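# Mind folding the following:
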Amino acid sequence: MKKIFTSTLIALSFVSFAQAQRTQGQNPNGQRPTNPGTTAPVAAVKEEAAPRVASTSSRTINPESTVITNHTVTIRGKEVPYKATTGTLPVWDEEGKPIAGLFYTYYERTDVQNKDKRPLVISFNGGPGSASVWMHIAYTGPVVLNIDDEGYPIQPYGYKDNGSSILDIADIVYIDPVNTGYSRATSKDVPTNKFFGVRADIRYLAEWLNTFVTRNNRWASPKFLIGESYGTTRVSGLALELQSNQWMYLNGVILVSPTELGMERGTVLDAALRLPYFAATAWYHKMLPADLQGKKLTDMLPEVENFTVNELIPAITKGGFLPMAEKQKIAAKMARFSGISQKVIMQNNLDVSTNLFWKELLRDKGFTVGRLDSRYKGIDRSDAGNGPDYNAELTSWLHSFTPAINMYLRNELNYKTDLKYNMFGPVNPWDNTGDRTGENLRAAMAQNPYLHVLVQSGYYDGACDYFNAKYNMWQMDPSGKLKDRMSWEGYESGHMMYLRKPDLKMGNEHIRDFIEKALPKPGVPAKF
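Numbers count the residues shown, from 1 in each chain. Next comes the predicted model:
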């Protein structure tokens with residue numbers, strides 16, 4: 001990575017800041033005006049109204065801070081110059097007072113003259129208490145972690161250029177919601193229900209995005225949301241919220257390892273839909289019969305999927321009234337596909353939990369398998385029990401991500417603060433009521449003919465498994481009228497499939513193709 005100059009701290013004069021704020025419909029003291037038609041004269045602005053840069057000696061949030069650095073990166077063999085802006089922007093309450101500062105990192109390609117045609121990708125991770133670090137420094141951004149080709153940590157920790165980044169075709173902003181990364185409420189007195197809930201999260205982030213897009217003059221740009229894990233819940237809800245209440249229309253939504261998006265499964269589907277994931281994991285660990293093990297993963301899975309839909313779901317639906325001979329037959333097939341014994345399956349009445357599966361699959365070999373990526377193996381205190389002691393994959397990931405993001409933000413992007421970068425922040429209790437985000441996304445697509453959806457799933461993800469992601473797509477639009485604007489891609493990796501080197505390249509290529517496909521040709525109207 002070539003850094004053109006060390007850094008530029010943006011500390012606008014109070015006059016120029018006041019002028020900039022008035023053009024954005026905001027008073028220079030950081031509050032939104034109660035009457036947008038009136039503004040205070042420049043002479044009335046106080047000096048302390050200037051935005052505050054990142055503090056080096058404070059553990060409180062500065063709602064307004066900006067640091068700019070310039071760099072180059074080689075992507076797909078071509079040099080791409082870009083500007084990185086790190087900083088915070090306020091979240092306002094109903095009275096126009098800042099109640100939080102959200103930390104963000106914004107990358108802009110600098111040799112592009114016309115930003116009106118330049119796509120803007122808006123990136124969130126999940127949790128819901130997780131920072132945007134994961135996709136930022138391991139997937140789409142201009143740098144990637146120092147890890148091996150399968151995603152395991154290596155030392156020394158650090159980062160390097162990402163030759164697969166999408167920065168060549170789109171600008172990107174990574175956003176940390178409140179209590180993640182460096183983002184914080186301005187006071188402990190701010191009610192947490194302003195932020196910590198499905199609906200509250202979507203509402204305040206939509207308002208914040210309006211501010212970000214306005215200040216950075218990106219209203220004309222084609223816009224894409226990308227979310228991972230709970231971030232898929234977030235961006236699915238944002239798609240409709242931005243249209244309905246911010247009048248901001250999108251070209252695409254990318255769902256990486258999606259949740260259930262508020263679409264209820266019930267006990268029958270919960271029990272059945274996880275079997276294809278079991279089969280993929282058993283295949284990886286070579287726990288399947290020879291005839292299945294000898295096939296490619298993607299050639300083997302359709303057989304399991306067909307069994308799940310056509311035999312397993314009907315069988316579990318019958319519950320205790322399923323004839324014993326038929327139950328034994330179904331259990332035998334489940335054992336064949338899952339790598340665990342027919343006896344264990346019968347003991348659990350055809351409903352084997354993921355927790356038990358992670359413990360049971362390699363129990364006789366003395367290992368557990370990971371939740372978010374079942375390629376990873378763990379060692380428990382005892383081989384007995386119904387679930388693993390810990391998530392083997394998450395422990396491994398934190399090895400490499402935590403040092404890298406702290407080094408990168410401070411040393412490369414020059415954002416210096418004594419705040420702790422929260423990989424996972426305190427966001428509980430989280431209000432999950434009113435989660436209709438799958439339906440929100442469907443409605444947004446129905447109302448916006450430009451809007452496309454891409455789903456990306458890892459076959460070895462046991463938290464947000466690939467077959468449930470397919471089920472989301474099947475059930476989201478029962479009319480079938482939107483399916484031509486939906487696509488799904490699978491990867492031989494886990495929740496963060498991009499940690500595997502081949503999937504880092506392939507996943508970014510799929511995003512690149514998706515963005516290009518979702519951009520309408522000049523003059524093509526948004527109509528059905």
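# which residues does G266 contact?
Residues near G266 by C-beta atoms under 8 Å, 6 or more residues apart in numbering: none. C-betas here are computed from N, CA, C, even on glycine.
# Pop out the phi and psi values for it.
G266 has phi and psi values of phi 90, psi 170 when expressed as degrees, to the nearest 10.
# which stretches of the protein have low pLDDT?
By pLDDT under 70, the low-scoring segments of the chain are 1-58.
# Nearest residue to the middle of it?
In the chain, the C-alpha nearest the mean C-alpha coordinate belongs to E228, at 2.1 Å (C-alpha atoms, centre = their mean).
# Quick check: closest non-adjacent residue to that one.
Of all residues not flanking E228 in the chain, V256 sits nearest, at 4.1 Å (C-beta to C-beta, 6 or more residues apart in numbering).
# what comes into contact with stretch 373-381?
For stretch 373-381, the external contacting residues (C-beta under 8 Å, 6+ apart) are 150-151, 277, 280-281, 284-285, 358-359, 362, 366-370, 388-393, 395-396, 458, 460-462, 493-496, 499.
# Of the residues you listed, grab the buried ones for PyMOL.
A single PyMOL command suffices to select whichever of these are buried according to 16 or more other C-beta atoms under 10 Å:
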select buried, resi 151+277+280+281+284+285+358+359+362+367+368+369+370+388+391+392+393+396+458+460+461+462+493+494+495+496+499
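# out of the contacts of stretch 373-381, which are inside strands?
Secondary structure assignment by DSSP state E places 368-369, 458 of the contacts of stretch 373-381 in strands.
# about what we covered before: what residues are up against the residue nearest to the centre of the chain?
Each residue near E228 by C-beta under 8 Å, 6+ apart is listed here: 124-126, 134-135, 256-257, 495-496.
# Which members of the residues you listed are the farthest-apart pair?
F124 and H495 (15.0 Å; C-beta to C-beta).
# Contacts only, for N432.
197-198.
# if I look at it, how far off is L255?
According to C-beta to C-beta, to the nearest Å, N432 and L255 sit 18 Å apart.
# Do you have the helices of the stretch 1-150 of the chain handy? List them.
Applying DSSP state H, counting those that start in this stretch to the stretch 1-150 of the chain gives helices spanning 14-23, 133-136.
# pull the CA atoms of the last one into PDB?
By that I understand helix 133-136. Taking Å, rounded to 0.1, in the frame of the first residue of the first chain, the C-alpha atoms of helix 133-136 are listed here in PDB:
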ATOM      1  CA  VAL A 133     -14.500  -4.300  10.900                       C
ATOM      2  CA  TRP A 134     -15.200  -7.700   9.400                       C
ATOM      3  CA  MET A 135     -16.000  -6.800   5.800                       C
ATOM      4  CA  HIS A 136     -14.000  -3.600   6.100                       C
END
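# burial measure for H510, as a count.
When neighbours are counted by other C-beta atoms under 10 Å, H510 registers 17.
# List the buried residues for the helix or strand where it lies?
Using DSSP states H and E, H510 maps to helix 501-518. Applying a neighbour-count criterion of 16+ other C-beta under 10 Å, one finds 501, 503-504, 506-508, 510-512, 514-515, 518 buried in helix 501-518.
# before we move on, back to that, these two touch, right, the residue nearest to E228 and G227?
Yes. V256 is within contact range of G227, at 6.8 Å (criterion: C-beta atoms under 8 Å).
# These two: which is more packed in?
More crowded of V256 and G227, by other C-beta under 10 Å: V256, with 32 against 27.
# in stretch 145-155, what counts as buried?
145-147, 151, 153.
# out of these, who's nearest E305?
G151 (25.9 Å).
# which residues does the nearest residue to that closest one once chain neighbours are set aside contact?
Nearest residue to G151 in three dimensions, chain neighbours excluded: L499, at 2.9 Å (C-beta to C-beta, 6+ apart). Residues counted as contacts of L499 (C-beta under 8 Å, 6+ apart) are 138, 147, 150-151, 373, 397, 493.
# change it to 10 Å
134, 138-139, 144-145, 147-152, 373, 375, 393, 396-397, 400-401, 458, 493 (C-beta atoms under 10 Å, 6 or more residues apart in numbering).
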